[in-house]
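Chemist: Sequence isn't available, so here's the structure alone:
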(Lines give C-alpha, C1' and ligand atoms only; values in the text may rest on other atoms or scores of the structure.)
Protein backbone atom coordinates (compact mmCIF):
# COMPACT_ATOMS: atom_id res chain seq x y z
CA UNK A 1 0.00 0.00 0.00
CA UNK A 2 1.36 3.41 -0.99
CA UNK A 3 1.91 6.02 1.69
CA UNK A 4 -0.43 8.88 0.73
CA UNK A 5 1.80 11.61 2.15
CA UNK A 6 4.79 10.54 0.10
CA UNK A 7 2.65 10.05 -2.99
CA UNK A 8 1.32 13.60 -2.69
CA UNK A 9 4.84 14.92 -2.18
CA UNK A 10 5.90 13.11 -5.36
CA UNK A 11 3.02 14.62 -7.36
CA UNK A 12 3.95 18.10 -6.15
CA UNK A 13 7.63 17.63 -7.05
CA UNK A 14 6.64 16.34 -10.49
CA UNK A 15 4.47 19.42 -11.03
CA UNK A 16 7.30 21.71 -9.96
CA UNK A 17 9.62 20.04 -12.47
CA UNK A 18 7.30 19.65 -15.45
CA UNK A 19 5.17 22.78 -15.12
CA UNK A 20 7.81 25.00 -13.51
CA UNK A 21 5.33 25.61 -10.69
CA UNK A 22 6.35 27.52 -7.57
CA UNK A 23 6.90 25.07 -4.73
CA UNK A 24 4.79 26.98 -2.19
CA UNK A 25 1.85 27.40 -4.59
CA UNK A 26 1.93 23.76 -5.75
CA UNK A 27 2.15 22.59 -2.14
CA UNK A 28 -0.74 24.78 -0.98
CA UNK A 29 -2.96 23.64 -3.86
CA UNK A 30 -2.37 19.97 -3.11
CA UNK A 31 -2.91 20.38 0.63
CA UNK A 32 -6.08 22.42 0.18
CA UNK A 33 -7.52 19.81 -2.19
CA UNK A 34 -6.80 16.92 0.19
CA UNK A 35 -6.76 18.49 3.66
CA UNK A 36 -9.74 16.50 4.94
CA UNK A 37 -7.87 13.25 4.22
CA UNK A 38 -4.60 14.30 5.84
CA UNK A 39 -3.36 14.32 9.41
CA UNK A 40 -1.06 17.03 10.75
CA UNK A 41 1.74 14.47 10.58
CA UNK A 42 1.00 13.87 6.89
CA UNK A 43 1.02 17.60 6.16
CA UNK A 44 4.31 17.99 8.02
CA UNK A 45 5.96 15.16 6.07
CA UNK A 46 4.69 16.41 2.70
CA UNK A 47 5.95 19.93 3.40
CA UNK A 48 9.30 18.65 4.66
CA UNK A 49 9.90 16.49 1.59
CA UNK A 50 8.79 19.11 -0.95
CA UNK A 51 10.81 21.97 0.51
CA UNK A 52 13.72 19.70 1.36
CA UNK A 53 14.05 18.24 -2.13
CA UNK A 54 13.59 21.67 -3.72
CA UNK A 55 16.34 23.11 -1.53
CA UNK A 56 18.80 20.23 -1.91
CA UNK A 57 18.12 19.11 -5.48
CA UNK A 58 21.63 19.80 -6.79
CA UNK A 59 23.19 17.78 -3.97
CA UNK A 60 20.68 14.95 -4.29
CA UNK A 61 21.33 14.70 -8.03
CA UNK A 62 25.06 14.40 -7.37
CA UNK A 63 24.43 11.39 -5.18
CA UNK A 64 22.10 9.84 -7.75
CA UNK A 65 24.81 10.27 -10.42
CA UNK A 66 27.25 8.46 -8.15
CA UNK A 67 25.22 5.25 -8.25
CA UNK A 68 23.19 5.44 -11.47
CA UNK A 69 24.45 3.98 -14.74
CA UNK A 70 21.79 6.03 -16.52
CA UNK A 71 22.22 9.76 -17.07
CA UNK A 72 19.79 11.95 -15.14
CA UNK A 73 18.19 13.41 -18.27
CA UNK A 74 17.28 9.88 -19.41
CA UNK A 75 15.63 8.89 -16.13
CA UNK A 76 11.85 9.28 -16.03
CA UNK A 77 10.90 12.50 -14.17
CA UNK A 78 8.68 10.42 -11.87
CA UNK A 79 11.49 8.02 -10.95
CA UNK A 80 14.04 10.81 -10.65
CA UNK A 81 11.84 12.54 -8.09
CA UNK A 82 11.22 9.26 -6.26
CA UNK A 83 15.00 8.93 -5.95
CA UNK A 84 15.43 12.53 -4.83
CA UNK A 85 12.78 12.38 -2.13
CA UNK A 86 13.96 8.99 -0.87
CA UNK A 87 17.60 10.06 -0.70
CA UNK A 88 16.58 13.28 1.05
CA UNK A 89 14.90 11.19 3.74
CA UNK A 90 17.89 8.87 4.10
CA UNK A 91 20.46 11.65 4.41
CA UNK A 92 18.69 14.56 6.05
CA UNK A 93 15.78 13.14 8.10
CA UNK A 94 17.13 11.27 11.13
CA UNK A 95 13.69 10.28 12.42
CA UNK A 96 12.85 8.23 9.32
CA UNK A 97 14.50 4.78 9.16
CA UNK A 98 16.38 4.08 5.94
CA UNK A 99 14.31 0.93 5.42
CA UNK A 100 11.11 2.99 5.37
CA UNK A 101 12.52 5.49 2.86
CA UNK A 102 13.74 2.66 0.60
CA UNK A 103 10.57 0.58 0.79
CA UNK A 104 8.27 3.54 0.13
CA UNK A 105 10.48 4.68 -2.74
CA UNK A 106 10.37 1.26 -4.37
CA UNK A 107 6.60 1.08 -3.92
CA UNK A 108 6.14 4.47 -5.59
CA UNK A 109 8.43 3.49 -8.46
CA UNK A 110 6.25 0.46 -9.17
CA UNK A 111 3.20 2.69 -9.63
CA UNK A 112 4.85 5.57 -11.48
CA UNK A 113 7.48 3.74 -13.50
CA UNK A 114 7.73 0.78 -15.84
CA UNK A 115 8.53 -2.84 -15.02
CA UNK A 116 12.24 -2.37 -14.31
CA UNK A 117 11.88 0.92 -12.42
CA UNK A 118 11.46 -0.65 -8.99
CA UNK A 119 14.64 -2.71 -9.36
CA UNK A 120 16.58 0.35 -10.54
CA UNK A 121 15.26 2.41 -7.64
CA UNK A 122 15.94 -0.32 -5.09
CA UNK A 123 19.52 -0.84 -6.31
CA UNK A 124 20.38 2.84 -5.92
CA UNK A 125 18.62 3.53 -2.64
CA UNK A 126 20.13 0.53 -0.84
CA UNK A 127 23.62 1.89 -1.61
CA UNK A 128 22.96 5.41 -0.33
CA UNK A 129 24.13 6.33 3.17
CA UNK A 130 24.71 9.54 5.09
CA UNK A 131 28.41 9.12 4.30
CA UNK A 132 27.66 9.99 0.68
CA UNK A 133 26.95 13.55 1.75
CA UNK A 134 29.96 13.65 4.05
CA UNK A 135 32.19 12.58 1.15
CA UNK A 136 31.21 15.71 -0.76
CA UNK A 137 32.84 17.75 2.00
CA UNK A 138 36.21 16.23 1.08
CA UNK A 139 36.25 17.69 -2.45
CA UNK A 140 39.45 19.74 -2.79
CA UNK A 141 38.20 22.38 -5.22
CA UNK A 142 36.55 25.03 -3.04
CA UNK A 143 33.88 26.14 -5.49
CA UNK A 144 32.87 22.58 -6.37
CA UNK A 145 32.83 21.56 -2.69
CA UNK A 146 30.67 24.47 -1.59
CA UNK A 147 28.31 23.93 -4.52
CA UNK A 148 27.77 20.24 -3.87
CA UNK A 149 27.54 20.47 -0.07
CA UNK A 150 25.15 23.46 -0.01
CA UNK A 151 23.25 22.76 -3.24
CA UNK A 152 24.26 26.17 -4.56
CA UNK A 153 25.00 26.55 -8.31
CA UNK A 154 28.67 27.24 -9.01
CA UNK A 155 27.92 30.44 -10.95
CA UNK A 156 26.38 32.02 -7.84
CA UNK A 157 29.47 31.15 -5.80
CA UNK A 158 31.69 32.66 -8.49
CA UNK A 159 29.62 35.86 -8.52
CA UNK A 160 29.92 36.17 -4.74
CA UNK A 161 33.69 35.78 -5.01
CA UNK A 162 33.77 38.53 -7.66
CA UNK A 163 32.24 40.86 -5.07
CA UNK A 164 35.42 40.53 -3.04
CA UNK A 165 34.15 38.09 -0.42
CA UNK A 166 36.52 35.48 0.99
CA UNK A 167 35.86 31.81 0.25
CA UNK A 168 35.07 31.33 3.95
CA UNK A 169 32.43 34.07 3.88
CA UNK A 170 30.91 32.70 0.67
CA UNK A 171 30.65 29.24 2.23
CA UNK A 172 28.98 30.73 5.30
CA UNK A 173 26.44 32.55 3.12
CA UNK A 174 25.68 29.39 1.13
CA UNK A 175 25.19 27.33 4.29
CA UNK A 176 22.94 29.98 5.81
CA UNK A 177 20.72 29.99 2.74
CA UNK A 178 19.59 26.45 3.59
CA UNK A 179 18.59 27.22 7.19
CA UNK A 180 14.85 27.61 7.51
CA UNK A 181 13.77 30.51 9.71
CA UNK A 182 11.67 29.67 12.75
CA UNK A 183 8.08 30.85 12.88
CA UNK A 184 7.32 33.24 15.74
CA UNK A 185 3.83 33.57 17.21
CA UNK A 186 2.62 36.34 19.49
CA UNK A 187 -0.10 35.30 21.94
CA UNK A 188 -3.36 37.26 21.88
CA UNK A 189 -3.93 37.52 25.64
CA UNK A 190 -7.58 38.48 25.08
CA UNK A 191 -8.36 35.07 23.62
CA UNK A 192 -5.96 32.59 25.21
CA UNK A 193 -2.90 32.18 27.40
CA UNK A 194 0.64 31.25 26.46
CA UNK A 195 0.26 27.85 28.15
CA UNK A 196 -3.07 27.07 26.45
CA UNK A 197 -1.74 27.99 23.02
CA UNK A 198 1.39 25.91 23.55
CA UNK A 199 -0.68 22.88 24.55
CA UNK A 200 -2.96 23.24 21.51
CA UNK A 201 0.02 23.43 19.15
CA UNK A 202 1.75 20.45 20.73
CA UNK A 203 -1.46 18.40 20.45
CA UNK A 204 -1.25 18.98 16.70
CA UNK A 205 2.33 17.69 16.64
CA UNK A 206 3.94 21.13 16.37
CA UNK A 207 7.18 21.62 18.30
CA UNK A 208 7.11 24.75 20.43
CA UNK A 209 10.02 26.66 21.91
CA UNK A 210 9.32 29.53 24.31
CA UNK A 211 11.33 32.66 23.66
CA UNK A 212 11.51 35.92 25.59
CA UNK A 213 11.90 39.08 23.54
CA UNK A 214 13.22 42.37 24.85
CA UNK A 215 10.97 45.39 24.63
CA UNK A 216 12.65 47.91 22.39
CA UNK A 217 10.08 50.68 22.82
CA UNK A 218 8.24 51.95 25.88
CA UNK A 219 5.25 54.18 25.42
CA UNK A 220 3.89 56.45 28.12
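Modeler: Arrived safely. Note that this is a predicted model, so its numbers are computed, not measured.
Chemist: who touches the helix or strand harbouring residue 81?
Modeler: When elements are assigned from DSSP states H and E, residue 81 belongs to helix 77-92. Applying C-beta atoms under 8 Å, 6 or more residues apart in numbering, the external contacts of helix 77-92 come out as 6, 9-10, 13-14, 17-18, 49, 52-53, 56-57, 60-61, 63-64, 72, 75, 96, 98, 100-102, 104-105, 108-109, 112-113, 117, 120-121, 124-125, 128-130, 132-133. Quick note: C-beta positions are derived from backbone N, CA and C, even for glycine.
Chemist: buried set for that helix?
Modeler: Within helix 77-92, the residues that qualify as buried are 78-92, counting by 16 or more other C-beta atoms under 10 Å.
Chemist: just these now: which is nearest residue 194?
Modeler: Nearest to residue 194 out of the buried residues of helix 77-92 is residue 92 (C-beta to C-beta; 31.8 Å).
Chemist: How confident was the prediction at the residue nearest to the spatial centre of the chain?
Modeler: In the chain, the residue lying closest to the centroid (C-alpha atoms, centre = their mean) is residue 52, at 0.8 Å. Reading off the confidence values, residue 52 has pLDDT 96.
Chemist: Which of the helices and strands in this structure ranks last by mean pLDDT?
Modeler: Scoring the helices and strands of the chain by mean pLDDT, DSSP states H and E places helix 194-203 at the bottom, with a mean of 78.
Chemist: just how off-centre is that one within its chain?
Modeler: For helix 194-203, the separation from the chain centroid amounts to 27 Å (computed by C-alpha atoms, centre = their mean, to the nearest Å).
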